[in-house]
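Visitor: My questions are about this predicted structure, shown below with the sequence.
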Amino acid sequence: MKCFKLSIALSAVLLLLTACSGIGVFGGTKNPQTIGETHQGTQGIAFDFVTNYPPSIIYLSGGDTGTNILLDVRNLGSFDTTPQFYFSGFDTKILPNMPSGVVYSQMLKGRSPTNPDGGYFQLQVPTYSTLNVNMPKDSDIFTFNLQATACFDYETQASLAVCVDPNPYGAVTQKACIPHGAASTGGQGAPIAITSAEQESLKNKVIFKITVTNSGGGQVYEKGKTTMCTRLAHSDLNKITYSPFTLGGQAGTCTPASPVSLRTGQSATITCVFSVTGDLAYTTTLNADLMYGYMLSKQRSVQIKKIS
């Protein structure tokens, strides 16, 4: 009876420790954070106006409004980047201390196992003062759309699990896996996502027809053009550069050549051919590294009312 009671007590202590620490009975952690979990989603830099900064109606007495413009800025993807911001939609003669050019921000870390929420900061404009207004002559009310635009370089680092069968027509029918390509609706931690990889298996060769999609709701432009993103030419838009796709670490031959253009700004297809060896099917990874610039905008309607 004493042994029975001791056994129950030890079991209770073990269960309590497991619940509090997240450590399983046989080792390991409960719901461990993995790299794959942070390489999900279809956003990179995300931002929005802080509530009441600016307010929808600004009451003006004199020239100083006593308010600022604040943006909450986050990196919800898995790539480190430094976004830059532009503000537009206003006449600089009316809002003289609003920046007319680029406002640089700090580098934001992407999501990772040690930083699952990603980087965050708050951008204030004007930086060291409050918003000033030169009210138009003979006007008591002035309304405009304030637009904030973020431009940033980003990368999609994708790793898709696929089945490879070097000998699809062989006599062995019991296989470890069956080739069927890959599909992803959750993204890879970036606004450009590989949404599908259709697969065709041949003897010692596999062909993937890979669909790349703009899933982030913004505009894509060629990598390296971020410093001029508000002055882009049509030829700069919808361009994605890619490193050689690899299958199990081995590079394939892909067409069209990099950079590839997104059709109507939304999607592109890249076809890659890989050589494979062996006799039996196995699971490996199809890896891609896509590089591009990305532009997002937010607007807020602002009305200035003169009260004195």
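Guide: Done, it's in. Residues are numbered from 1 along each chain as shown.

Visitor: CA only for contacts and neighbour counts going forward, please
Guide: Will do.

Visitor: model confidence over the helix or strand hosting K305, on average?
Guide: Assessed by DSSP states H and E, K305 sits inside strand 282-306. Mean pLDDT, strand 282-306: 95.

Visitor: Relative to it, what are the paired strands and their orientations?
Guide: Strand pairing for strand 282-306, using DSSP bridges, gives strand 57-60 (parallel), strand 141-164 (antiparallel), strand 219-221 (antiparallel), strand 239-242 (antiparallel), strand 246-247 (antiparallel).

Visitor: Show me where the stretch 51-200 of the chain has its strands.
Guide: Assigned by DSSP state E, counting those that start in this stretch, the strands in the stretch 51-200 of the chain fall at 57-60, 69-75, 84-88, 102-104, 120-125, 141-164, 182-183, 192-202.

Visitor: how about JSON lines for those, with mean pLDDT, distance to I270 and mean neighbour count added?
Guide: Formatted as JSON lines, these follow (pLDDT from 0 to 100; distance: least, C-alpha to C-alpha, whole Å; neighbours: other C-alpha atoms under 10 Å):
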{"stretch": "strand 57-60", "mean pLDDT": "89", "distance to I270": "49", "mean neighbour count": "18"}
{"stretch": "strand 69-75", "mean pLDDT": "96", "distance to I270": "28", "mean neighbour count": "20"}
{"stretch": "strand 84-88", "mean pLDDT": "94", "distance to I270": "30", "mean neighbour count": "18"}
{"stretch": "strand 102-104", "mean pLDDT": "86", "distance to I270": "34", "mean neighbour count": "15"}
{"stretch": "strand 120-125", "mean pLDDT": "94", "distance to I270": "34", "mean neighbour count": "17"}
{"stretch": "strand 141-164", "mean pLDDT": "95", "distance to I270": "14", "mean neighbour count": "20"}
{"stretch": "strand 182-183", "mean pLDDT": "90", "distance to I270": "14", "mean neighbour count": "18"}
{"stretch": "strand 192-202", "mean pLDDT": "95", "distance to I270": "9", "mean neighbour count": "22"}
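
Visitor: Including distance to T42, could these go into TSV?
Guide: Shown next, in TSV, are the strands of the stretch 51-200 of the chain (distance: least, C-alpha to C-alpha, whole Å):
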stretch	distance to T42
strand 57-60	34
strand 69-75	11
strand 84-88	20
strand 102-104	24
strand 120-125	17
strand 141-164	10
strand 182-183	14
strand 192-202	7
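
Visitor: can you pull the contacts of the nearest residue to G89 once chain neighbours are set aside?
Guide: In space, and not counting its chain neighbours, G89 is closest to L146: 5.1 Å by C-alpha to C-alpha, 6 or more residues apart in numbering. L146 makes contact with F87, S88, G89, F90, Q299, R300, S301, V302, according to C-alpha atoms under 8 Å, 6 or more residues apart in numbering.
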